[in-house]
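Visitor: Here is my input, please return the structure:
(chains A and B)
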Amino acid sequence: MSYIILLLIFSLSFGGVKVQERVLPNGVKLILKETRGRGIVSGVIFIKSGTHGEKKRGLTNLTATLLTKGTKSYSSYQIASTFEDYGGSLYASAGDDFIEIGFSTKVEGLPKGLSVIRSILTEPLFSEEDLQREKKNALQTLRSRRERGQELATDALRKLTYKGSNYEVIPLGREEDIKTIEREDLIERWKEVLRSENLVLSLVGDFKTEQVLPLLEETFSLLPGGRYELKTEDVPMREDLIERVKRQGSQATVLCAFDAPNFKGEEYFAFKVLDAVLGDGMTSKLFKELRERKGYAYAVYSTYPTRLASPRLIAYIGTSPEKKEDALKDLIEMVKNAPIEPGDVELAKNKIVGDFLLARQTRLRQAWYLGFFEVMGFGWRMEGKYAEKVNSVSFEQVQEVRKKYLKIHHCVVVEP
Amino acid sequence: MTTLAFTGELKTYKLPNGAKLVVNRREDSEAVALHVWFRVGSIYEDYHQKGMAHFLEHMLFNGSEKYPYGHMDYIVESLGGNLNAGTSKEYTFYHITIAKPYWKQALDVLYQLTQKPLLAEDMVEKEKPIVIEELRRGKDNPTTILWEEFEKLFYKVSPYRYPIIGYEETIQKFTRELLLEFYKNFYQSRNMYLVVVGDVEPEEVYREVLQTFGKEEGKPLPKVDIPQEPEQLENRTKTIRDNRVEKTYWLVGWKVPAVGTKEQYALVVLDQILGNGRTSLFYRELREKGLVYSISTGDFGRPRDNLFFIYATLDAEKLEQVKGRVFELMGSLREALTEEEFQRAKSRIINSEAFNLERVERDAYYIGYSLTVVGMLDYYRYFENNIRSVRREDVLRVLEKYILRKPYSEVIMVPDR
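Guide: Numbers count the residues shown, from 1 in each chain, chains lettered A, B, ... in the order given. Next up, the predicted model:
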C-alpha cells in the first residue's frame, strides 16, 4: 500500500515543474524555477566555504553578519527596507559548509533587490563601528548558550566528536578568537571565499525566466572568478566516550553522536531512512520506547545532518535528573539495537517524503533545497529525484548500514 | 491574514449540531491543511484543573473508538502527513497537513481523535510523567520563567496569570473522571470550528464533515466566568536573579484593546513601526547603536485584557539608559513619524501576508484563530482593508492613550553572580 501512496505523492508534486540552469561565463551557477501565485519570489545564494579554513574561529560568521549592515552604496536601513517594504526580508549567515544569503520580495521589487545584493557582494562596507558592535553581540550570544542545556550539550558534543576538524567549534566561533578579529580579517576572508565557482544562486518565484535572466547576469557576472578550495577531513570515531557537563536546571540533556555514512553514495539514503525509523516522529522507535513506554521525556529524537565530512547521527533526549542514567543507557541501546521490521522502513520512507514535500510549500524553502543540493555536491536535480531515491531504499540496505555504522557512540550529559 | 482577492473561494457552513466549517479552496497547493479548533484553553480551568486543557490535548492522542492507541499517528505518518496539536490560554487545536489525495482519511482521524477518544485510566497514568517532563523542560529554560513571571505580575485577577501547562501538583491529581467531565463540557459541536484549506471541493468537504463531526449531538455550553482584569493603577516591577543567565532580560507591558477592535489595528501598525523587523525604530535606534542585543515588540492578540509588550536583552548596566531611550522614542513619535514612513509600515504588513499564506497550514491557522478567538471570520477576511484604513493619528492616539499615559508592568531578569 505504501509504495502506491508514495508514487502518487511523487507524481503530484513534481508533475510539470520546470527548473532551469544557467552557468555564467565566470562559473556562477543560476538555478531558476517558475511558479504561479501572488507575484512573490524568494532566492538563496550559497557560497561553498563555511568555516572551512578560517584562521580565527567566528570570522566567517562575522563576515556574513556584516554583509547586511551596510555597503558603499546602501545603508543598513536601505538594505533592509528594500526587502521589507515588499513584505519580504533578507538574511545572511554562516554555517559549517557554506555561507547563505536568503531573500524574499515581490517580483516587482526584484530589480531593486538584486542591485542591493550586487552591492552586498561586491562592495560591503565592513565598518569598524559595525564590527565592534557585532563582535560584542557574537561574544554575548556565545556566552548565552549556557542558558540552555541543549545548546551547551551541542557545543560539548562538537568538541568531543569532531575534535581536530572545523566542526569542532560552532560557526559562531570561539571567544578568544572573536576578540582578536579585525576589519582586515573580514576583508580578506570575503576576498578569499567570494569566488564565482563557489557560488550558487537559486531563485523560485512567480516570474518569467527570460525576464529575470538579464538582471541576474548583471548581478553575478562581475564576481571574482576562480574557486576557493575546501580542505575537508573526516574525523573517525575510535572509541565510546561519555562526557559530563555541569549546569543547574530542572532537566538533564543527553546528546549522543554515532558514526554515519558520507552523503556521497547510495548508503546516504538508506541511512536517512534508518534515522527516520529511529527518531523521526510519533511512530519512531525512540519516541515509542523512551517517551511513551518508559516516560523518560517529552522530547526525544534523532537527526542525520548532511555535512561535507565527518558524518554523524545525533540523538537527543531531555529528561529529569533522576532518570538520566537510565535514559542515556536506553538511548544508546535503542539506537544500536532496537528491533527494526520491514514495515518500519516503509513507514519511515513515507515520513521522509511527506515531510520533504510539505516543507517545500514556500518558495524560500524550495530555493533553499535546490541550492543546498547543488552546493553540497548532489546536484540540484536531486530535488526532483529525492523522493524516488528514498523510496528505492530496501529493508536489507537499512539493516546493512545499521550494522556497518551504529557501533561507536560519543555522548554528552548536561546535568545539574 | 489576508483579503478576498488573495483567497480562492471562502465557503462557510453551519452544521445542524452547531459546529462551524470554513473551507478555503486554493488551487496553488498540493497540500491540504485540516484544523479542528475548540474554544477552550487554560483560562477556562478552575483552580484544581490547572493544566487540564493541555493534559487533555495529550490524552486525545491515546486511542479512540475506531483507532487504538498509536494507530492515528501511524495512519497520518504513513500517508506522509503531519499530525499535531496545540493548547493556548484561549483555544486548543488539532491539525493535519497532508498531500491532497488523503484529506478524507485525515478528516476521519481528526474526527476520531477529537470526538471519540477513549481517555483510558491507564493512559492517564502513562501520560503524567511525559507532561511533567514537558513542564520541567520548560522550566529548564530561563526565558520560560521570565514570561511566566511576567504574566503573573501583569494579571492579578484574570486567569491569564496561570501557566498553560499547570503545576506538578495539579497534574498528578488528574483522573479519567475529571478529564471526562472537562472533555464533555468543551469538546462538543457548539464549541467547535473546522477549517480546511487546500485544493478541495467545499461541498464535498461539507458532506464528509456531516457524516463524521455532523453525527455528534450539540449541547448547551457551560457558562464560564472569566474575571476581567481591573485597571492597573501604578507601575509594577519585579526583578528575578537567575544564575543560569548571562545577560539581562527586560520585558515590559501595558493593557491594550482586544484583538479585532478598531484600535487594535492601529496597535498592529504601531508594533510594526516600533519593533518589527530590521527597518523598525527600536532596531535602528537601539540594536544598531549597540545598546541592546535584541529588541522586539508585539501584542498577544487576546480577545480580552490584551497586552502589548516590549522585550529586550541587554547588559544590566545599560538598562536605565535603554528604558529612557525607549520612552523617549515613543514620546517623540508624534514629531518623528513622517507620513511616508507610516505608509511604508502599513505596506510592510500588507505585503507580508502573501508570504505568510504560502503554507496552507498557516492560512488555516489564521482562519481558525479568527473564528475561535476573535469570534468573527471578518478578522481574517478584511484584515488588509482594516490595516489600510488605519491613519497616522490612530496610531499616535493608541500609543498615547494606552501606553504613554498608563502604568506598566515589567520583569527584569539578571544574572545572579
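
Visitor: From now on I want contacts and neighbour counts done on CA atoms only, so please keep to that.
Guide: OK.

Visitor: how about low-confidence regions in the stretch 151-300 of chain B?
Guide: In the prediction, the stretch 151-300 of chain B carries no residues with pLDDT under 70.

Visitor: Chain A contacts on that one?
Guide: B:Arg244, B:Val245, B:Glu246, B:Lys247, B:Gly277, B:Arg278, B:Thr279, B:Arg284, B:Glu288, B:Lys289, B:Gly290, B:Tyr293 (Cα under 8 Å from any Cα of the partner chain).

Visitor: Most widely separated two among these?
Guide: Within these, B:Arg244 and B:Thr279 form the most distant pair, 32.1 Å apart (Cα to Cα).

Visitor: residues contacting residue 142?
Guide: Picking chain A for this. A:Leu142 makes contact with A:Leu172, A:Gly173, A:Arg174, A:Glu175, according to Cα atoms under 8 Å, 6 or more residues apart in numbering or on different chains.

Visitor: Chain B was what I was after
Guide: Each residue near B:Pro142 by Cα under 8 Å, 6+ apart is listed here: A:Glu147, A:Arg148, B:Asp242, B:Arg244, B:Val245.

Visitor: Show the pLDDT at it.
Guide: B:Pro142 is assigned 96 on the pLDDT scale.

Visitor: swap in A:Arg143?
Guide: 96.

Visitor: so the nearest residue to it once chain neighbours are set aside is in which element?
Guide: In space, and not counting its chain neighbours, A:Arg143 is closest to B:Glu246: 6.4 Å by Cα to Cα, 6 or more residues apart in numbering or on different chains. Here B:Glu246 sits in a region with no helix or strand, counting by DSSP states H and E.

Visitor: Could I get the phi/psi values of B:Glu246?
Guide: Dihedral pair for B:Glu246: phi -110, psi -10, per degrees, to the nearest 10.

Visitor: That one - how many residues pack around it?
Guide: Residues contacting B:Glu246 under the criterion other Cα atoms under 10 Å in any protein chain shown number 21.

Visitor: can you pull the contacts of it?
Guide: For B:Glu246, the contact set (Cα under 8 Å, 6+ apart) comprises A:Gln140, A:Arg143, A:Ser144, A:Arg146, A:Glu147, B:Val414, B:Pro415.

Visitor: ok, so what distance separates it from A:Glu415?
Guide: Relative to A:Glu415, B:Glu246 is positioned 18 Å away (Cα to Cα, to the nearest Å).

Visitor: what does A:Phe373 give?
Guide: For A:Phe373, the distance to A:Glu415 equals 38 Å [Cα to Cα].

Visitor: quick one, which of those two is more surrounded?
Guide: Higher neighbour count among A:Phe373 and A:Glu415: A:Glu415, with 22 against 16, using other Cα under 10 Å.

Visitor: looking at it, the more buried one is touching A:Thr253, isn't it?
Guide: Yes - A:Glu415 is within contact range of A:Thr253, at 6.7 Å (criterion: Cα atoms under 8 Å).

Visitor: Domain-wise, how is chain A divided?
Guide: A:18-220, A:241-415 (automatic domain parsing).

Visitor: Arrange these in TSV, one row each, with distance to B:Asp140 as further columns.
Guide: Formatted as TSV, the domains of chain A follow (distance: least, Cα to Cα, whole Å):
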stretch	distance to B:Asp140
domain A:18-220	7
domain A:241-415	5
